[in-house]
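Visitor: Sequence and predicted structure below; questions after.
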Amino acid sequence: MAGSPRRTAGRRLQLPLLCLLLQGATAILFAVFVRYNHETDAALWHWHNHSNADNEFYFRYPSFQDVHTMIFVGFGFLMVFLQRYGFSSVGFTFLSAAFALQWSTLVQGFFHSFHRGHIHVGVESLLRVKDAGGSMTIHAFGAYFGLVLSRVLYRPQLEKSKHRQGSVYHSDLFAMIGTIFLWIFWPSFNSAPTTLGDGQHRSALNTYYSLTASTLSTFALSALVGRDGRLDMVHIQNAALAGGVVVGTSAEMMLTPFGALVAGFLAGTVSTLGYKFFTPTLESKLKVQDTCGVHNLHGMPGVLGALLGVLVAGLATHEAYGDGLESVFPLLAKGQRSATSQAMHQLFGLFVTLIFASVGGSLGGLLLRLPFLDAPPDSQCYEDQVYWEVPGEHEDLAQGPLRAEELETQA
């Protein structure tokens, strides 16, 4: 399963060199640019005679922990539904997230807190993924970036590995653990970057209500479109989370609890129907292999959420927000932008996101097609043994054809 000696030798060097190169580059950039912010630096904090209880750490770190649980446990285990890809799902999520923490510090620093040649970091800066009133289209970007990349990487020969794209009983059970963790902590994900106080409180509540509604709509639609009225675990694992995605943009706005329920129910419905009807068409007609269903969980609900943000922003008034308007739509509060103009900016943000996702996905796909990156053979995709030491693999190989015949008999 490991492949030819040449391929094995190349794989032995690729990951170490890549990790060392990325870590070395980020370490140099950290040394040159990254400094503690005033709430983290010992001299700066105590120079202003602040009380330790006033430090942003005590307010932000619980959300910081929750988001980590989502990424490392929630998304890691959500993807273990593939019957022979559990190690890779959890392990590579762990690896990529660890690097992303360093890289996001640099990227967010350059965009948000670059000052006098330095990036000032603290817990608050690590959580900041949007400006007040801006569109949170991270889900839509990630989904369509991946879908375009998948189209560029499409190979008809991947049909040889299609049998490994299914799940088994225990893999779906572990994936459901990831779903539960994501469901519980999604309110923290949406509320963490918002302004402390009513905005953060409102974000958490709107997300909770939306998640509950998407869960109910998912169960209802899954049974309605399922064979013999039975539930599909793929729908429950994914579409139940669509409520968290759909309010990503508007969670801190005056969406109202009723609006959150409607948005969540609609998102769960769209996501479930997408899994049932759109995903097969996506692969057969457009040659896009959406193995994890990101278009149904993050793509369509993300776009729907951006449009919801456009609607709610267009309805924003001083009467509805009062003095809180400045924390959500600061330019609107200062009279520098009308509600209609704010809505158009929200809509423009969606278009820019989709353009960047398409271009980025295309370039990423072309990069991954370069021969020296050594993609796994078509017959070995979705297979842990290509990259991991899997318990029992040596015993299977030692027994050779007899073991293979036994497995076929059991199947």
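Guide: Received the coordinates, thanks.

Visitor: shaky segments in the protein?
Guide: Low-confidence segments of the chain (pLDDT under 70): 1-11, 48-49, 113-117, 125-126, 128-137, 157-160, 393-411.

Visitor: Recalculate using a threshold of 80.
Guide: Flagging of the chain using pLDDT under 80 yields the residue ranges 1-12, 46, 48-50, 111-137, 156-164, 372-380, 392-411.

Visitor: Point to the residue nearest the middle of it.
Guide: In the chain, the residue lying closest to the centroid (C-alpha atoms, centre = their mean) is residue 139, at 6.0 Å.

Visitor: Report how many residues lie close to residue 45.
Guide: Residue 45 sits with 17 neighbouring residues when counted by other C-beta atoms under 10 Å. For glycine as for every other residue, the C-beta is placed from the backbone atoms N, C-alpha and C.

Visitor: one step back: from residue 78, how far out is the residue nearest to the centre of the chain?
Guide: To residue 78, residue 139 is 14 Å away according to C-beta to C-beta, to the nearest Å.

Visitor: List the contacts of stretch 60-75.
Guide: Outside of stretch 60-75, the residues that reach it under the criterion C-beta atoms under 8 Å, 6 or more residues apart in numbering are 93-94, 97, 123-124, 126-127, 177-179, 181-182, 185-186, 188-189, 191-192.

Visitor: Which ones among those map onto strands?
Guide: Residues of these located in strands (DSSP state E): none.

Visitor: which of those count as buried?
Guide: Applying a neighbour-count criterion of 16 or more other C-beta atoms under 10 Å, the buried members of those are 93, 123-124, 126-127, 177-179, 181-182, 185-186, 188-189, 191-192.

Visitor: Widest-spaced pair of those residues?
Guide: Longest distance between any two of the buried ones among the contacts of stretch 60-75 is 30.3 Å, between 124 and 177; criterion C-beta to C-beta.

Visitor: Now do the strands in the stretch 51-200 of the chain.
Guide: 114-115, 118-121 (DSSP state E, counting those that start in this stretch).

Visitor: Please name the nearest non-neighbouring residue to residue 306.
Guide: Nearest non-adjacent residue to residue 306, counting by C-beta to C-beta, 6 or more residues apart in numbering: residue 350, 4.2 Å away.

Visitor: ah, wrong one, I meant residue 356
Guide: Taking C-beta to C-beta, 6+ apart as the measure, residue 356 lies nearest to residue 141, with 6.7 Å between them; neighbours along the chain are not counted.

Visitor: any idea how far the one you found is from residue 378?
Guide: According to C-beta to C-beta, residue 141 stands 29 Å off from residue 378.

Visitor: More neighbours: which of these two?
Guide: Between residue 141 and residue 378, counting by other C-beta under 10 Å, residue 141 is the more crowded of the two (21 against 13).

Visitor: hang on, the more buried one packs against residue 357?
Guide: Yes: using C-beta atoms under 8 Å as the test, residue 141 is close enough to residue 357 to be in contact (4.7 Å).

Visitor: can you give me how far stretch 346-366 is from the chain middle?
Guide: In terms of C-alpha atoms, centre = their mean, to the nearest Å, the gap separating the centre of stretch 346-366 from the centre of its chain is 16 Å.

Visitor: Go through it and flag the buried ones.
Guide: Along stretch 346-366, the positions that meet the burial threshold by neighbour count (16+ other C-beta under 10 Å) are 346, 347, 349, 350, 353, 354, 357, 358, 361, 364, 365.

Visitor: Using CSV, list the CA coordinates for that stretch.
Guide: Presented in CSV, the C-alpha positions along stretch 346-366 are these (Å, rounded to 0.1, in the frame of the first residue of the first chain):
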residue,chain,number,x,y,z
GLN,A,346,-22.4,43.8,2.4
LEU,A,347,-23.5,42.5,-1.0
PHE,A,348,-20.2,43.6,-2.6
GLY,A,349,-18.3,41.7,0.2
LEU,A,350,-20.0,38.5,-0.9
PHE,A,351,-19.0,39.0,-4.6
VAL,A,352,-15.4,39.8,-3.6
THR,A,353,-15.4,36.7,-1.4
LEU,A,354,-16.6,34.4,-4.3
ILE,A,355,-14.1,35.9,-6.7
PHE,A,356,-11.2,35.4,-4.4
ALA,A,357,-12.4,31.9,-3.6
SER,A,358,-12.6,31.0,-7.3
VAL,A,359,-9.2,32.5,-8.2
GLY,A,360,-7.5,31.1,-5.1
GLY,A,361,-9.0,27.6,-5.6
SER,A,362,-7.9,27.6,-9.2
LEU,A,363,-4.3,28.6,-8.4
GLY,A,364,-4.2,26.1,-5.5
GLY,A,365,-5.4,23.3,-7.7
LEU,A,366,-2.8,24.1,-10.4
